[in-house]
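Undergrad: Pasted the sequence and its predicted model underneath.
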Amino acid sequence: MPTVPTARQRPQPAPAQKKPAFRVIAQNRAAFYDYAILDRYEAGLVLQGTEIKSVREGKVDLRDAYATPENGELWLLNAHIAPYSKGGIHNHDPRRKRKLLLHRNELVKLTAEAAQRGYTIVPLRLYIKGRVAKVELGLARGQRQYEKRDRIAERDAERDMQRAIRRVV
């Protein structure tokens, strides 16, 4: 008669692979170079028709995009979402303005700071979280050319120091 394995003898199941919390579709790397990002916000994105399918294909460009308040709402302008490859006559306009969804207190704070201090609201990245498209917005201050050069010089100096430390050790 075969013996029943005890708890110690039973093979443990492999741990389940966790899905990532979100999948980044597009990043606005130029924003990090052109602006100093002061604060970040997560906003929902109102899409229509085939836009979400195009977003899932990764056909998004945020390079020249920015957000602006209008009539108590926040709108994403100049973001390019390419027409869906398998779409027909019902495809969307690639550069149409899209409504952003934020909590009321975030919207009020963001628009007030952008209006008072002359900051810009730029999209930093677009990603799929669960089943919905989200945009990470950054409250940004434009950088002068000399600030960019200083930042590059600091980064180079840090890299040189790390190299020197590695050589010594």
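TA: Structure received.
Undergrad: all helices in the protein, in order from the N-terminus.
TA: For the chain, helices defined by DSSP state H occupy the ranges 29-34, 51-56, 104-117, 145-168.
Undergrad: Of the ones you listed, give the one that comes closest to residue 41.
TA: For these, proximity to residue 41 was assessed by Cβ to Cβ; helix 104-117 is nearest, at 5.7 Å. In this view, the C-beta of every residue, glycine as well, is placed from N, C-alpha and C.
Undergrad: rewinding a little: buried deepest among the helices of the chain, which one?
TA: helix 51-56 (a mean of 19; mean count of other Cβ atoms under 10 Å).
Undergrad: so what's the residue most central in space within the chain up against?
TA: The chain has residue 125 as the residue nearest its centroid, 1.9 Å off, counting by Cα atoms, centre = their mean. Shown in contact with residue 125 (Cβ atoms under 8 Å, 6 or more residues apart in numbering): 24-28, 62, 135-136.
Undergrad: Looking at those, which is nearest residue 142?
TA: Checking these one by one against residue 142 (Cβ to Cβ), the nearest turns out to be residue 28, at 14.4 Å.
Undergrad: So that closest one versus residue 141, what's the distance?
TA: For residue 28, the distance to residue 141 equals 16 Å [Cβ to Cβ, to the nearest Å].
Undergrad: Just want to know which of these two has more residues nearby.
TA: Counted by other Cβ atoms under 10 Å, residue 28 and residue 141 do not tie: residue 28 has more neighbours, with 25 against 13.
Undergrad: what sits against that one?
TA: Going by Cβ under 8 Å, 6+ apart, residue 28 touches 62-63, 65, 122-125.
Undergrad: ok, now with 10 Å
TA: Residues near residue 28 by Cβ atoms under 10 Å, 6 or more residues apart in numbering: 34-35, 60-66, 79, 122-126, 135-136, 138.
Undergrad: picking up where we left off before, quick one: which of the helices of the chain is nearest residue 91?
TA: For the helices of the chain, proximity to residue 91 was assessed by Cβ to Cβ; helix 51-56 is nearest, at 8.6 Å.
Undergrad: Where does the prediction get shaky in this protein?
TA: 1-12, 14, 16-19 (pLDDT under 70).
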